[in-house]
Every structure is written in C-alpha cells, then in structure tokens.
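[1] Need coordinates for the following:
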Amino acid sequence: MVQDNVPTAWRQRRPSSGWRPGQLWTGTNPSDAAAAEEALLAAFVKTPHQLGRVMLDLHHIGVPAGHYMTTLDINADATGTPIVLTHGAGAGLGFGYRNFDTLASLGGEPRRVLAVDWLGQANSSRPSFPPELRPAWTRSDTDLVDLTIRFFVEALEAWRAALGIERFDLIGHSMGGYFSAFYAMAYPHRVRKLVLSGAAGVGHRPPPEKVRPFPMRSFKLLWNLRFVHFELLGAFGRLLRGSTRRGFINYFPSDSMEEAELLFEYFWALQTAHKGSTDVATNMILKPLATDDALYGATMYARRPVAAEPPEKLDALRKRIPTTLVYGEHDWLFTESVHDFVRDLGAPAKLHFVSGAAHHMYAENREEYHEIILHALRGK
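    Numbering: from 1, shown residues only. Down below sits the predicted model:
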C-alpha cells in the first residue's frame with residue numbers, strides 16, 4: 001500500500017523567525033540549525049527525500065495549535081510498511097545520515113523511511129513543557145514521569161495520525177527507544193516490529209542495597225535538580241563551543257574531518273539555536289546510579305523502567321510485537337537487567353550486541369548494525 005502524506009498536515013520548511021537575545025551569546029539561530037541539517041543530508045543522503053514539518057493536534061494534552069515535528073520522508077511513494085526512526089537526547093533526525101540510504105533499500109526493496117525530531121527537540125517546534133504542569137515543582141516525581149511519557153507518546157501518535165500512516169516498523173535510539181517502547185505498548189496495533197537501539201531505561205532498577213554512592217555526587221545533585229542537560233550548552237554559549245567541538249569530534253565516529261565538521265555544526269546548532277523545551281525530559285525520566293548491574297559501574301536507570309510496566313501492557317510486546325534490542329558491545333546504557341527483561345518477554349524478543357561499538361552503534365559499526373536491523377524487520 002502507498003502511504004500518502006495528508007496535505008493539510010505537511011508543511012515545507014520556511015526560514016525560522018523568532019529571534020531572541022540569547023542568539024547573540026550562542027552565535028546561532030534557528031535558520032542556522034535548519035541549514036546545518038540540510039547540508040548534512042545533502043552530503044550523504046542520495047535516495048529521493050523531502051524535509052518538512054508535520055503539524056500536530058495535541059490540544060488534549062494542553063499543547064496549543066501551531067506546533068510541529070520536523071520530518072524527513074525518504075521514498076515517500078514506496079509501498080509496504082514504512083520504517084520510522086526516533087532519535088535520542090541531544091540528537092536529531094540528522095544523526096541517521098549514514099543509515100538512511102541503506103534502510104531505504106533494506107532487503108533489496110524500496111522502503112519508505114521517516115525520521116522525526118521529537119516535539120520540543122532538535123528542529124521541531126518548542127512548546128512549554130510539560131504543558132499540564134504549572135509549576136513543575138508542585139508535582140511529585142511520579143507525576144512528572146507519567147506526564148512526560150504521555151507527552152512523547154501522544155506527540156508521536158498525533159504525528160502518525162496527521163500523516164495517515166496505519167502501521168509501521170519503529171526504531172528508537174537511546175531515550176527515543178524508551179519513548180518508542182511506551183508508544184508500542186500504548187498503540188500496539190500501529191507497530192508491526194519494534195527495534196530498541198541502545199535504549200535507555202529498559203531494565204529494572206536494582207534494589208537499594210545494591211546501590212553504591214555515585215562517583216560524581218555534584219553531577220547527580222544537579223541532574224536531579226534538572227539543571228544538567230543539553231540545553232545547558234546554550235547557557236554557556238560561545239564559551240563552550242571550542243571544548244565541545246573537540247570532545248564531540250573525538251567521541252562521534254566519522255570517516256573524514258569534513259564529515260565530522262558537518263555533524264558538529266549540526267549538533268551545536270541544535271543545542272544552542274532554539275529556546276529550551278523538552279530537553280529536561282531526560283532528567284525527569286532517568287536517574288544516575290552506581291551499581292554492579294551497570295556495564296561501567298554507573299549509568300542512568302529509569303525512574304519508571306519499561307520492565308516494570310504491568311503485565312497487561314507488556315503483553316503487547318510479548319504477544320503482538322516482535323521486539324529486538326540492540327546495544328553496542330561497550331554501550332554505557334546497557335545493564336544486566338536488560339537480560340532479565342528479554343527473558344521475561346520470551347521467544348519473540350531478541351537481544352543483539354554490535355561488536356566494537358558503544359552507544360552509537362548505528363554509526364560505529366554500520367554494517368553489522370544494518371544486518372541486525374534487516375533480520376529484525378524480516379522477523380528472523
């Protein structure tokens with residue numbers, strides 16, 4: 001079947017307006033962020049594609065009209081089940097620039113691939129977040145987690161409804177994997193196959209007696225106060241650009257310095273050009289802990305783990321949606337409790353490790369990652 005865009009939902013991207021004083025400090029603006037994204041995609045994505053905005057109807061969760069999720073639509077006329085990609089914290093749809101062409105011809109057949117920027121992140125619009133909280137400090141951690149999950153799940157569902165896509169294969173990375181899992185449990189009839197790549201917050205949190213003092217107590221305090229997240233780069237602006245550039249280029253794999261510079265300019269613009277919105281969601285969902293369960297002794301555990309959902313919700317993954325979990329061999333978000341989660345889901349669930357890779361396995365070992373995705377979406 002052909003998946004057609006709904007004309008009233010899709011908008012071609014226009015130069016962003018809304019100048020704000022902070023842009024003098026950061027040296028970036030929304031137009032720079034859009035241009036950096038377009039330059040990255042133009043350099044590496046050869047399959048026919050279009051980049052635009054999908055307008056959302058989210059009045060039922062308090063988001064006013066006019067908000068949108070930036071969307072890359074590849075092979076828009078391809079038949080069959082589309083592939084939908086969601087990114088992690090501090091990233092955007094452009095991080096899949098080396099994967100899009102392969103996914104668009106997965107298994108030797110054209111596939112429609114849609115990559116999205118989460119609402120409130122990257123180049124999507126920036127609503128007040130969470131819209132139902134005024135002020136946030138009056139709510140408990142449990143309320144904050146519940147409302148945050150609902151916000152992201154309903155944003156993805158509104159995006160799907162706007163484009164008229166009936167069913168799709170869903171691939172989520174890191175925090176995108178966490179929210180994608182909750183989407184699949186909330187709307188199981190919309191997801192044919194689910195792939196969680198380096199997903200955060202999957203396994204159970206360890207019991208209190210297994211938790212040790214966190215090695216960076218000041219970081220943990222600032223994290224729990226919702227002060228430390230990617231939005232902080234904009235607060236420091238030009239002061240951090242040089243050190244951030246060096247750290248990013250050394251951390252994220254690329255095949256050339258030209259590629260590394262393109263990707264860094266994209267990353268930097270995403271973090272500094274826009275006003276803050278849903279970056280703080282990571283703090284609301286995750287909590288830093290030091291335990292023997294973590295691969296490197298300390299990592300982020302979910303305040304509400306996927307594995308802790310009621311059986312009737314997890315049954316969507318056990319009985320209806322074949323689920324594949326993929327981690328890098330050295331992924332710092334992997335914990336041993338992920339093994340327990342996969343065993344609990346039973347035969348339909350699979351766990352794979354990408355050799356030589358860490359958290360960004362889709363970039364660190366593309367060939368092996370793509371092979372795992374091929375088998376996952378074929379059901380092998």
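
[2] what are the ranges of the helices in the protein?
    Assigned by DSSP state H, the chain shows helices spanning 22-26, 30-44, 100-103, 141-163, 175-186, 217-224, 232-236, 238-251, 257-272, 281-285, 311-315, 337-345, 361-364, 366-378.

[3] To Pro130, which of these lies closest?
    Smallest distance to Pro130 across the helices of the chain (Cβ to Cβ): 4.7 Å, for helix 141-163. (Each C-beta comes from the backbone N, C-alpha and C, glycine too.)

[4] For Arg245, see how far away the residue lying closest to Gly27 once chain neighbours are set aside is.
    Of all residues not flanking Gly27 in the chain, Arg238 sits nearest, at 5.6 Å (Cβ to Cβ, 6 or more residues apart in numbering). Separation of Arg238 from Arg245 (Cβ to Cβ, to the nearest Å): 11 Å.

[5] the more surrounded of these two?
    Set Arg238 next to Arg245 and count neighbours by other Cβ atoms under 10 Å: Arg245 wins out with 16 against 12.

[6] need the helices of the chain in a markdown table with mean pLDDT, can you?
    Output for these, formatted as a markdown table (pLDDT from 0 to 100):
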| stretch | mean pLDDT |
| --- | --- |
| helix 22-26 | 69 |
| helix 30-44 | 94 |
| helix 100-103 | 98 |
| helix 141-163 | 95 |
| helix 175-186 | 98 |
| helix 217-224 | 89 |
| helix 232-236 | 81 |
| helix 238-251 | 92 |
| helix 257-272 | 95 |
| helix 281-285 | 95 |
| helix 311-315 | 95 |
| helix 337-345 | 96 |
| helix 361-364 | 98 |
| helix 366-378 | 96 |
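
[7] I'd like these laid out as a markdown table, including distance to Phe353.
    Shown next, in a markdown table, are the helices of the chain (distance: least, Cβ to Cβ, whole Å):
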| stretch | distance to Phe353 |
| --- | --- |
| helix 22-26 | 38 |
| helix 30-44 | 26 |
| helix 100-103 | 20 |
| helix 141-163 | 27 |
| helix 175-186 | 15 |
| helix 217-224 | 27 |
| helix 232-236 | 31 |
| helix 238-251 | 20 |
| helix 257-272 | 25 |
| helix 281-285 | 24 |
| helix 311-315 | 23 |
| helix 337-345 | 11 |
| helix 361-364 | 8 |
| helix 366-378 | 9 |
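
[8] Tell me which of those sits nearest to Thr299.
    Smallest distance to Thr299 across the helices of the chain (Cβ to Cβ): 10.6 Å, for helix 337-345.

[9] what's that closest one in contact with?
    With contacts defined as Cβ atoms under 8 Å, 6 or more residues apart in numbering, helix 337-345 is touched by 202-206, 293, 305-307, 314, 317-318, 323, 325, 327, 349-351.

[10] Just the buried ones among the residues you listed, please.
    Buried by 16 or more other Cβ atoms under 10 Å: 202-206, 293, 305-307, 314, 317, 323, 325, 327, 349-351, out of the contacts of helix 337-345.

[11] So which of the residues you listed are in strands?
    Mapping the buried ones among the contacts of helix 337-345 onto strands (DSSP state E) picks out Thr323, Leu325, Tyr327, Lys350, Leu351.

[12] Hmm, the fourth one is touching Ala376, no?
    Yep, that's Lys350 we're talking about. Yes - counting by Cβ atoms under 8 Å, Lys350 touches Ala376, with 7.1 Å between them.

[13] got the contact list for Gln271?
    Contacts of Gln271 (Cβ under 8 Å, 6+ apart): Gly90, Phe230, Glu231, Leu233, Gly234.

[14] Pick the one among those closest to His360.
    Gly90 (11.2 Å).

[15] which residues does the residue nearest to the closest one when sequence neighbours are not counted contact?
    Spatial nearest neighbour of Gly90, excluding adjacent residues (Cβ to Cβ, 6+ apart): Phe230 at 4.1 Å. Contact analysis of Phe230 by Cβ under 8 Å, 6+ apart lists Ala89, Gly90, Gln271, Asp279.

[16] Got phi/psi on Pro206?
    Note on Pro206: backbone dihedrals following degrees, to the nearest 10 are phi -70, psi 160.

[17] Quick check: the closest residue in space to Ala65 that isn't next to it in sequence vs Asn224, distance?
    Nearest residue to Ala65 in three dimensions, chain neighbours excluded: His59, at 7.1 Å (Cβ to Cβ, 6+ apart). His59 is 32 Å from Asn224, where distance means Cβ to Cβ.

[18] Number of residues surrounding the residue nearest to Ala65?
    11.

[19] again, but for Leu239
    Counted with other Cβ under 10 Å, the neighbours of Leu239 add up to 12.
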